[in-house]
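1. structure of the sequence below:
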Amino acid sequence: MSAQDKIAQILIYLNINAKTFSEKLGYERPQIIYDIQKGKTKRISDDLAFKIASVFPEINKSWLLADEGEMLKQTDIKGNNNIVQTGIVHGNNTQGNNITLTESDKERLLNLLEINSKSLLNKDEQIDKFQKQIDRLLTLLEKRL
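-> I've put the predicted structure just below:
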């Protein structure tokens, strides 16, 4: 996934714009984010990944740098001997398993669902693309043999 796509997904997830995002990261100007959005900068630097992961600890630094894993770190919520797998923990665990979510939390979760569905579609497209390349390579190999 490109750096441009990653930044887009993060902004959707956080429900903020590039300027606000860069301010939260401690940059005086949002140019570093704008350059990634426009495709001028092709990858997320180690420094930027570190800042993102420091300010937003739920975001997976390995995903930012090497496209490994998912955007959000996995966290276990434990209550009354039950475990719920979730990308990020929000709200208050007030009674055992019951988790109360605010409207803001619900909106972020909906954004997360949208991001994950887009990510799955993107992965399917990548698999199709690789399959076509493999088919082409096999055809070339067969012609040489």
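2. low-confidence ranges, the protein, go.
-> Across the chain, the ranges flagged by pLDDT under 70 are 74-102, 105, 119, 122.
3. mind redoing it with 90?
-> Along the chain, the model assigns pLDDT under 90 to residues 1, 12-15, 57-58, 67-145.
4. which residues of it fall in strands?
-> Taking DSSP state E, the strands of the chain run over residues 75-79, 82-86, 92-95, 98-100.
5. so what's residue 6 up against?
-> 44, 63-64, 71 (Cβ atoms under 8 Å, 6 or more residues apart in numbering). (Each C-beta comes from the backbone N, C-alpha and C, glycine too.)
6. give me the buried entries from these.
-> Buried by 16 or more other Cβ atoms under 10 Å: 44, 63-64, 71, out of the contacts of residue 6.
7. and the residues you listed, which of them are in helices?
-> 63-64 (DSSP state H).
8. distance to residue 52 added to the buried ones among the contacts of residue 6, as CSV?
-> Shown next, in CSV, are those (distance: Cβ to Cβ, whole Å):
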residue, distance to residue 52
44, 8
63, 10
64, 6
71, 11
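9. just name the closest of the buried ones among the contacts of residue 6 to residue 131, please.
-> For the buried ones among the contacts of residue 6, the residue nearest residue 131 by Cβ to Cβ is residue 63; the value is 24.0 Å.
10. which residues touch the closest one?
-> Residue 63 touches 6, 69-71, counting by Cβ under 8 Å, 6+ apart.
11. tell me the centre residue of the protein?
-> Of all residues in the chain, the one closest to the mean position by Cα atoms, centre = their mean is residue 71, 2.8 Å from it.
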